[in-house]
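Chemist: here is a sequence with its predicted model. Questions after.
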Amino acid sequence: MNPFQKLFSIILICSSISIACGQNINWRGTIASYDGKSLGVNLRNGQTILIDLPEALPISTTEPFSMADIKPGMVLGVTTVNRADGSKVAIDVRPISATAPQGLSAYDLQPQSTMTNAVLEATVLNAETHELVLNYKTGSVKVLVPAGTPMSRAAPGSRSDLVTGQSVYVASKPNSANGFTAVRVQVGKNGINPTQ
């Protein structure tokens, strides 16, 4: 493949996941290969992508997380979609670092989904559906969390967790070689898969 074909291929891949190439590009799928320097990921659309893995990049695994673990003051990353009535419904809930930037932004987990990074102010149980009140410094939002909403959290891992066939989430940035370099990797473990 010549450089022009490779660049065109990257543009097509970026377009297929609706993310601008100047931003983080998120990949979700299963591990196809790992050779110590690059990670091959079988994507959900059937394509396979090779992503450079910097030697110093830490690897995270995934462990269970539930509503019982959520406490006021915790910083959460909550991905939502809007119902027809305008209410926001969570499709993914996970704790994130207290130093993570807070706010709302478009996200690529599902079409027209939004990521909210915010501090939990309160939670209310109503007819088996939890309602979270999230404060992201410049505003607040109420989010419904139906029973069965995917929830997990990152845990420390190692390169030995990069096992072929395991589910994986990789955040990456384009690099100067017309490829991608990972900035974050989270791999499934013990049947618990990354939910982001």
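Modeler: Alright, I've got the coordinates. A quick note: this is a predicted structure, and the numbers were derived from the prediction, not measured. Residues are numbered from 1 along each chain as shown.

Chemist: what are the contacting residues of the lengthiest strand in the chain?
Modeler: Longest strand in the chain by number of residues (criterion: DSSP state E): strand 113-126. Strand 113-126 is contacted by residues 67, 70-81, 88, 91, 96, 100-107, 109, 130-137, 140-141, 143 when judged by CB atoms under 8 Å, 6 or more residues apart in numbering. Glycine gets a C-beta too; all of them are placed from N, C-alpha and C.

Chemist: return the subset of the residues you listed lying in helices.
Modeler: Within these, no residue falls in helices by DSSP state H.

Chemist: tell me which residues touch Thr62, please.
Modeler: For Thr62, the contact set (CB under 8 Å, 6+ apart) comprises Ser152, Arg153, Ala154, Ala155, Gln186, Val187, Gly188, Lys189, Ile192, Asn193, Pro194, Thr195.

Chemist: swap the cut-off to 7 Å and go again
Modeler: Taking CB atoms under 7 Å, 6 or more residues apart in numbering, we find Thr62 in contact with Ser152, Ala154, Ala155, Gln186, Val187, Gly188, Lys189, Ile192, Asn193, Pro194.

Chemist: show me which pair in those is furthest apart.
Modeler: Across the contacts of Thr62, no pair lies farther apart than Ala155 and Asn193, at 12.9 Å, counting by CB to CB.

Chemist: could you list the domains of the chain?
Modeler: Domain assignment for the chain by automatic domain parsing gives 3-58+154-187, 66-150.

Chemist: could you list the low-confidence segments of the chain?
Modeler: Residues of the chain meeting the criterion pLDDT under 70: 1-22.

Chemist: hey, where'd the strands end up in it?
Modeler: Using DSSP E, strands in the chain cover 25-34, 38-43, 48-52, 59-64, 75-82, 88-95, 103-107, 113-126, 129-135, 140-145, 152-156, 167-174, 180-187.

Chemist: partner residues bridging the closest residue to Ala90 other than its chain neighbours?
Modeler: Of all residues not flanking Ala90 in the chain, Val145 sits nearest, at 4.5 Å (CB to CB, 6 or more residues apart in numbering). Beta-bridge partners for Val145, by DSSP bridges, are His130.

Chemist: how about Val145, what does it touch?
Modeler: Contact analysis of Val145 by CB under 7 Å, 6+ apart lists Met67, Ala90, Val93, Thr129, His130, Leu132.

Chemist: what about it, distance to Asp92?
Modeler: In this view, Val145 and Asp92 are 10 Å apart by CB to CB, to the nearest Å.

Chemist: kindly report the same for Glu55.
Modeler: 30 Å.

Chemist: check Asn193 too.
Modeler: Distance, Asn193 to Asp92, using CB to CB: 11 Å.

Chemist: what about the two, which has more around it?
Modeler: Taking neighbours as other CB atoms under 10 Å, Asn193 and Asp92 compare with Asp92 leading, 20 against 17.

Chemist: quick one: contacts for the more buried one?
Modeler: By CB under 7 Å, 6+ apart, the contact set of Asp92 is Thr79, Leu109, Pro150, Thr195, Gln196.

Chemist: of those residues, which is the nearest to Ile51?
Modeler: For these, the closest approach to Ile51 (CB to CB) belongs to Gln196, at 16.2 Å.
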